[in-house]
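**Student:** when you get a sec, could you give me coordinates for this:
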Amino acid sequence: MPMEMGNVTNVQEFILEGFPAIQHLGKVLFLVHLLAYLASIVSNAVIVTITSADSRLHTPMYFSLSIFSSLECGIISAVISKLLIIFLLGRQTISFLACLIQAFVFLFLGAAGFLLIAVLSLDRYVAICKPLHYLTVMDLKTCFLLVTACFALAFPLITGLVVKVSQLSFCGPHVIPHFFCDLGPLIHLSCSDFRSVDMLAFVLTSFILLTSLIITIIAYSNIIVMIMRLPSAKEKQKAFSTCSSHLIVLSLMYGSCVFIYVKPKQRNRLVSNREAALVNTVVTPLLNLVIYTLRNKQVHRALRETMCRMKISRYKSHGPGVEGLENHLSSFWPM
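**Tutor:** Got it, this is the predicted structure:
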């Protein structure tokens, strides 16, 4: 609702436009996005749980991966939860404060996530290209410091940007052409001079994205060179299969975010940003599910053994005998 302050009407509530062209399919879209949301949350929760429970996964890579999975849960929850309400109930309004909070959570976790991707890329580079030095270069303490640095760098940058946006005047219109409160569309609704804030947003997001992208490109370029030196064609094919799946997801993540944020003038492309944002918040988390769980043998093994232990424990209390259960399980999973 607007609130009168002198000659200026400050908008205290916005309307998220969502996807007006397909809004009549709200119930179907709600179900599709709900399934995608649940799949992403469950898969990331499994990664965090397994890496915490299995001592063999207490390594720098899986520590970083569990943090990254937690960030994914936070990002998709901050964005998709409101989209689900729009699809199901048609409630498109959001208060100014809630809008700023959603934008901050999305940008802070997103910025920390991209910096964390650079850390994961460096970890893979050291593990593959410098295997003899891996345990001395990338131990858990070093990894913890790098992860902490990602959050320590992202927090003041995003906080400063959101504070600057909160100081702008909004006197109408109040319809945000997006399905969540991203700062780009919000800034362009301001009736005050937003050019300096718009440029600040461009500089900060470009710095975070391009810094992470450059580090990732350098790391994976060295990894690909190392793969090319493998003597066996079978080893090359296996390594490229894993590496290519990572690169596909990274390309989607960086491509969509560069399309949205790394351009100084966004006004003419705000509508197309919605599709790119949907790829980044829905599609890539599901692809991460495939890469880090369904195609990860270590996580597979840890999950399989955890499920076996749970079933054995239950059979001890209620079942006909542990030996029979183990024979039954071994017919599905070689132990």
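**Student:** which stretches in this structure count as helices?
**Tutor:** Along the chain, counting by DSSP state H, helices occupy 26-53, 60-89, 96-129, 134-137, 140-166, 183-187, 195-228, 233-261, 270-278, 284-289, 297-318, 322-330.
**Student:** now tabulate the ones you listed in JSON lines and tack on mean neighbour count, distance to residue 13 and mean pLDDT.
**Tutor:** Heads up, the C-betas are built off the backbone N, CA and C, glycines and all. Below are the helices of the chain laid out as JSON lines (neighbours: other Cβ atoms under 10 Å; distance: least, Cβ to Cβ, whole Å; pLDDT from 0 to 100):
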{"stretch": "helix 26-53", "mean neighbour count": "17", "distance to residue 13": "21", "mean pLDDT": "85"}
{"stretch": "helix 60-89", "mean neighbour count": "20", "distance to residue 13": "14", "mean pLDDT": "87"}
{"stretch": "helix 96-129", "mean neighbour count": "21", "distance to residue 13": "7", "mean pLDDT": "91"}
{"stretch": "helix 134-137", "mean neighbour count": "14", "distance to residue 13": "52", "mean pLDDT": "84"}
{"stretch": "helix 140-166", "mean neighbour count": "16", "distance to residue 13": "15", "mean pLDDT": "94"}
{"stretch": "helix 183-187", "mean neighbour count": "23", "distance to residue 13": "13", "mean pLDDT": "88"}
{"stretch": "helix 195-228", "mean neighbour count": "17", "distance to residue 13": "21", "mean pLDDT": "91"}
{"stretch": "helix 233-261", "mean neighbour count": "16", "distance to residue 13": "25", "mean pLDDT": "78"}
{"stretch": "helix 270-278", "mean neighbour count": "16", "distance to residue 13": "20", "mean pLDDT": "72"}
{"stretch": "helix 284-289", "mean neighbour count": "20", "distance to residue 13": "29", "mean pLDDT": "72"}
{"stretch": "helix 297-318", "mean neighbour count": "14", "distance to residue 13": "44", "mean pLDDT": "60"}
{"stretch": "helix 322-330", "mean neighbour count": "13", "distance to residue 13": "56", "mean pLDDT": "39"}
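**Student:** make TSV out of these and add distance to residue 175.
**Tutor:** Putting those into TSV (distance: least, Cβ to Cβ, whole Å) gives the following:
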stretch	distance to residue 175
helix 26-53	18
helix 60-89	13
helix 96-129	12
helix 134-137	51
helix 140-166	17
helix 183-187	9
helix 195-228	19
helix 233-261	19
helix 270-278	11
helix 284-289	27
helix 297-318	43
helix 322-330	56
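**Student:** for residue 14, find the nearest of the ones you listed.
**Tutor:** Residue 14 lies closest, by Cβ to Cβ, to one member of the helices of the chain: helix 96-129, at 5.6 Å.
**Student:** circling back: so for residue 16, which of the helices of the chain sits nearest?
**Tutor:** The minimum distance between residue 16 and the helices of the chain falls on helix 60-89, with 6.3 Å, by Cβ to Cβ.
**Student:** check which helices and strands the closest one sits against.
**Tutor:** helix 26-53, helix 96-129, helix 140-166, helix 284-289 (3 or more Cβ pairs under 8 Å, 6 or more residues apart in numbering; DSSP states H and E).
**Student:** CA atoms only for stretch 87-102, dumped as PDB, please.
**Tutor:** Presented in PDB, the C-alpha positions along stretch 87-102 are these (Å, rounded to 0.1, in the frame of the first residue of the first chain):
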ATOM      1  CA  PHE A  87       0.900 -20.300  -9.400                       C
ATOM      2  CA  LEU A  88      -1.300 -21.900  -6.800                       C
ATOM      3  CA  LEU A  89      -3.100 -19.000  -5.100                       C
ATOM      4  CA  GLY A  90      -2.400 -16.100  -7.500                       C
ATOM      5  CA  ARG A  91      -1.000 -14.000  -4.700                       C
ATOM      6  CA  GLN A  92       1.500 -11.800  -6.500                       C
ATOM      7  CA  THR A  93       1.900  -9.000  -4.000                       C
ATOM      8  CA  ILE A  94       5.000  -8.700  -1.900                       C
ATOM      9  CA  SER A  95       6.000  -6.000   0.600                       C
ATOM     10  CA  PHE A  96       8.900  -3.700   0.000                       C
ATOM     11  CA  LEU A  97      10.800  -5.100   3.000                       C
ATOM     12  CA  ALA A  98      10.100  -8.700   2.000                       C
ATOM     13  CA  CYS A  99      11.200  -7.800  -1.500                       C
ATOM     14  CA  LEU A 100      14.500  -6.500  -0.300                       C
ATOM     15  CA  ILE A 101      15.000  -9.600   1.900                       C
ATOM     16  CA  GLN A 102      14.300 -12.000  -0.900                       C
END
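**Student:** do you know how far residue 110 is from residue 72?
**Tutor:** Using Cβ to Cβ, to the nearest Å, one gets 10 Å for the distance from residue 110 to residue 72.
**Student:** what of residue 218?
**Tutor:** From residue 218 across to residue 72, the span is 24 Å (Cβ to Cβ).
**Student:** with residue 258 instead?
**Tutor:** Residue 258 sits 19 Å away from residue 72, going by Cβ to Cβ.
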